[in-house]
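Novice: Model the structure of this input:
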Amino acid sequence: MTANDCQAALAAERAKWGDRLLILGHHYQDSSVVALCDAVGDSLELSRIAAQSTAERIVFCGVRFMAETADILARGPMGGDNGRTVWLPAPKAGCPMADMATAEALEAAWARLIAADPKAAWVPVVYVNSSAEVKAFCGRHGGMACTSGNATKVLGHLFAAKRKVFFAPDQHLCANTAHLLGLPADAVALWRRALDNGGLDATRIRAAKAVAWDGCCPIHAGYTPGDVATARTRHPGAELLIHPEAPVKVAALAEAVGSTKAIIEAVSRAEPGTHLLIGTEEHLVRRLAAAHPDLDIHPLRPIICQDMGRTTPEALLRVLQAWPDDTLVRVPDALLPDAHACVQRMLALA
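Specialist: The predicted structure is shown next:
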């Protein structure tokens, strides 16, 4: 099938559904997929859209945890069959970071933290880049989710309330957020999964304001200070905008650290002729460069999320034509009350 044939077939299938169908796409999708989406955004924006949508079928061009979050919001805390379903065109599109934290492992760590500092007002916070099971763990213990776009608001709110945070799965987002909030580096203790008791003794746990799980995004966490030095040599005078999933030592070298949405907004405000280096997924950087020809935009280092790249127009067409079982994403009803509470607390604060 040619690209034109695929486009025509997609248009025909979409026309059959009208407003009963909503196609969502993450910014990291290829431009050929983004062009087919009804709404494109970061995790926070897409979570809000999914929560507010009345569409019968939501097709999520992204990765599994995003589709699970959409299902959590679309079906609500009571679960069951309310006539709304969520579909993932690329069933194998996962997230390595999300896979680094399981509910079982977090429960064990949580028990250890409580035992080490029982007088503290502990609260779990999970990055939205996590499984439904992990979100349910968080909701069950009174916690909330966050995104890279509202992590500062979520953690700032909790620290102001004298709460002690257990953050999973992204260590770098936690550390960068604490830094942006003005906390010293030792305010965050790192829980190392491979070590007994996370490698932390009770004294270190009690001294910390937050304990961060040692997960990371293999894409953003791969940036190094050497990458920054090389890019600045190639592009003298360029300003660096970088995602907070990057290591703290790299983020500290940037002119600005922000979520995908924050990066997009910063680019839109830049004066013509501005030179920018952008430290995030290459699909987005390419689109920003194409959309702003008056700016000189380059990736910090070309990086592509292979899981995001699994979604193609052909995969989307397969869903709309056949609605195959392997593309249906349905969070177990037993997880929905707690998982929904976790996400809803984030949205209420955001």
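
Novice: quick one, what contacts the nearest residue to residue 9 once chain neighbours are set aside?
Specialist: The shortest distance from residue 9 to any non-neighbouring residue, by CB to CB, 6 or more residues apart in numbering, is to residue 317 (5.6 Å). C-beta here means a position set from N, CA and C on the backbone, and glycine is covered the same way. By CB atoms under 8 Å, 6 or more residues apart in numbering, the residues touching residue 317 are 6, 9-10, 13.

Novice: again, only this time at 6 Å
Specialist: Residues in contact with residue 317 (CB atoms under 6 Å, 6 or more residues apart in numbering) are 6, 9-10.

Novice: Show me those that map onto helices.
Specialist: The helices, defined by DSSP state H, take in 6, 9-10 from the contacts of residue 317.

Novice: and of those residues, the nearest to residue 41?
Specialist: In terms of CB to CB, no member of the ones in helices among the contacts of residue 317 lies closer to residue 41 than residue 10, at 20.5 Å.

Novice: Work out for me the element the residue nearest to that closest one when sequence neighbours are not counted sits within.
Specialist: Spatially, and ignoring its direct neighbours in sequence, residue 10 is nearest to residue 317 (5.3 Å; CB to CB, 6+ apart). According to DSSP states H and E, residue 317 maps onto helix 313-322.

Novice: and the helix or strand just after that helix, which strands flank it?
Specialist: Remark: after helix 313-322, the chain's next helix or strand is strand 328-329, criterion DSSP H and E. Here strand 328-329 has these sheet partners by DSSP bridges: strand 85-87 (antiparallel).

Novice: Show me what the strand it pairs with is in contact with.
Specialist: With contact meaning CB under 6 Å, 6+ apart, strand 85-87 is reached by 57-59, 67, 70-71, 74, 319, 327-329.

Novice: Mind putting those into TSV with pLDDT?
Specialist: Shown next, in TSV, are the contacts of strand 85-87 (pLDDT from 0 to 100):
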residue	pLDDT
57	95
58	94
59	96
67	94
70	92
71	93
74	89
319	96
327	97
328	97
329	96
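
Novice: ok, which stretches of the stretch 151-300 of the chain are strands?
Specialist: For the stretch 151-300 of the chain, the strands defined by DSSP state E, counting those that start in this stretch cover 164-168, 188-191, 210-213, 239-242, 256-257, 275-279, 296-299.

Novice: Can you lay out those as JSON lines showing distance to residue 106 and mean neighbour count?
Specialist: Formatted as JSON lines, the strands of the stretch 151-300 of the chain follow (distance: least, CB to CB, whole Å; neighbours: other CB atoms under 10 Å):
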{"stretch": "strand 164-168", "distance to residue 106": "6", "mean neighbour count": "26"}
{"stretch": "strand 188-191", "distance to residue 106": "10", "mean neighbour count": "21"}
{"stretch": "strand 210-213", "distance to residue 106": "7", "mean neighbour count": "26"}
{"stretch": "strand 239-242", "distance to residue 106": "28", "mean neighbour count": "22"}
{"stretch": "strand 256-257", "distance to residue 106": "26", "mean neighbour count": "19"}
{"stretch": "strand 275-279", "distance to residue 106": "28", "mean neighbour count": "23"}
{"stretch": "strand 296-299", "distance to residue 106": "33", "mean neighbour count": "19"}
